[in-house]
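Trainee: Provided below for reference: sequence and predicted model.
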Amino acid sequence: MVGYWHIAAIYFVSGIGGNLFSSVTAPGAASIGASTSDFGILFGLLAMVTVNWYEFKGQQLEQVRCMLMAIVIIMIIFNLMAGGAQTDGMGHMGGGLAGLFWGMAFLPRVASPFTRKCKVFGQVAFLLMFVVCFACLYLTDAITCSKVDEAALC
């Protein structure tokens, strides 16, 4: 439905975005694995269904839309419930946000005024998320390094 390259792009972008978001919001948390990318794919597919919501016309396509939404929401809930004390929740949230914004901005859509607004919103939100995270990461590192004596490496 979406294609290999779109899924691969969401996978890598949400993995990077989730770990970047985690390093800014929870600096001491250990982040390993691909769960940020998994959340990005789920939220990206949620964005695709939401953006193309009005294009599912007819009883069968409306049922498909509802089933897709239910499956994605259930998978998100199960993934959140599976996390334990050692789970990096901020990484999951960051991966989900990156996937949601990327999905709104770049996944296939039917041309309409609503989908154009969603595309612009997704592009702006995606860019803003990465710029703010990189800026916070840089500023946090600069402040931390200025407080440490010269013998320590930053």
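Mentor: Okay, I see it. Numbering: from 1, shown residues only.

Trainee: Tell me which residues touch residue 140, please.
Mentor: 24, 27 (CB atoms under 8 Å, 6 or more residues apart in numbering). The C-beta positions use only the backbone N, C-alpha and C, and glycine is treated the same way.

Trainee: Find the residue closest to residue 17 in space, skipping its chain neighbours.
Mentor: With sequence-adjacent residues excluded and distances taken as CB to CB, 6 or more residues apart in numbering, residue 17 is closest to residue 98, at 2.8 Å.

Trainee: OK, contacts around the one you found?
Mentor: 13-14, 16-18, 21, 36, 40, 126, 129-130.

Trainee: Just those residues: which are in helices?
Mentor: 13-14, 16-18, 21, 36, 40, 126, 129-130 (DSSP state H).

Trainee: residues near residue 70, how many?
Mentor: The number of residues packed near residue 70 is 10, by other CB atoms under 10 Å.

Trainee: let me redo that: residue 32
Mentor: Number of residues near residue 32 (other CB under 10 Å) recorded here: 9.

Trainee: What is the three-state secondary structure of it?
Mentor: Under DSSP: H, G, I helix; E, B strand; the rest coil, residue 32 falls in the coil class.

Trainee: what's the distance between it and residue 140?
Mentor: 21 Å (CB to CB, to the nearest Å).

Trainee: just residue 108 next, same as before
Mentor: 37 Å.

Trainee: can you give me the strands for the protein?
Mentor: Along the chain, counting by DSSP state E, no stretch forms strands.

Trainee: Per-residue pLDDT of residue 128, please?
Mentor: The confidence metric pLDDT takes the value 95 at residue 128.

Trainee: Tell me how far the residue nearest to residue 17 lies from residue 127.
Mentor: In terms of CB to CB, residue 98 sits 11 Å off from residue 127.

Trainee: before we move on, what about residue 23?
Mentor: 19 Å.

Trainee: Neighbour count: the two, which is higher?
Mentor: residue 23 (21 against 12).

Trainee: List the residues that contact the more buried one.
Mentor: Counted by CB under 8 Å, 6+ apart, residue 23 has contacts 31, 137.
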